[in-house]
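**Q** Model the following, please.
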Amino acid sequence: QVQLVESGGGLVQAGGSLRLSCVASGRTFNAYTMGWFRQAPGKEREFVAAIRWSGTSTSYTESVKGRFTISRDNAKNTVYLQMNSLKPDDTAVYYCSQDKSPLRWGATAGGEYGHWGQGTQVTVSS
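**A** Numbering: from 1, shown residues only. Down below sits the predicted model:
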């Protein structure tokens, strides 16, 4: 059974930075694309970023390009999301998730991911 545990959220002023971490256990971490999603109050969950199992490719939703960076350390079974130049619109609960299929790249829909973490709250004040 895969377990994902996020941490690193908090309250930050606009323009500030946070680094989220997600530790995975229970399945071969380095065979799966990992993703970050977020859900703001009253809104649908949305894709934020993904990183290939090897770490050699990344993708981002348009609104975070140039501000967020996803990375992973396969030796530590951990994926990170460095968030810079944060805006109030980035306020949401952030979730990490693992692609349902091994060695697949390109999935951005929540339904293509499984084993969600409990989420970590990010609040950006103006």
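**Q** In contact with Arg38, which residues?
**A** Residues near Arg38 by C-beta atoms under 8 Å, 6 or more residues apart in numbering: Arg45, Glu46, Val48, Asp90, Ala92, Val93, Tyr94, Tyr95, Val122. Glycine gets a C-beta too; all of them are placed from N, C-alpha and C.
**Q** ok, and for the host helix or strand of Val5, which residues are buried?
**A** With elements taken from DSSP states H and E, the one containing Val5 is strand 3-7. Using 16 or more other C-beta atoms under 10 Å as the test for burial, strand 3-7 gives Leu4, Glu6.
**Q** just checking, next helix/strand downstream of it?
**A** Downstream of strand 3-7, the next assigned helix or strand under DSSP H and E is strand 10-13.
**Q** Quick check: buried residues in the following helix or strand past that following strand?
**A** Going down the chain from strand 10-13, the next helix or strand is strand 18-25, by DSSP H and E. For strand 18-25, burial by neighbour count (16+ other C-beta under 10 Å) applies to Leu18, Leu20, Ser21, Cys22, Val23, Ala24.
**Q** Enumerate every residue touching Ala40.
**A** Contact analysis of Ala40 by C-beta under 8 Å, 6+ apart lists Thr91, Ala92, Val93.
**Q** Lowest mean pLDDT among the helices and strands of the chain, which one is it?
**A** Lowest on mean pLDDT, DSSP states H and E among the helices and strands of the chain sits strand 113-114, with a mean of 90.
**Q** Let me know how buried Ile70 is, in neighbour terms.
**A** Other residues lying near Ile70 total 23 when counted by other C-beta atoms under 10 Å.
**Q** So it sits against Thr78, correct?
**A** No. Judged on C-beta atoms under 8 Å, Ile70 makes no contact with Thr78 at a distance of 11.6 Å.
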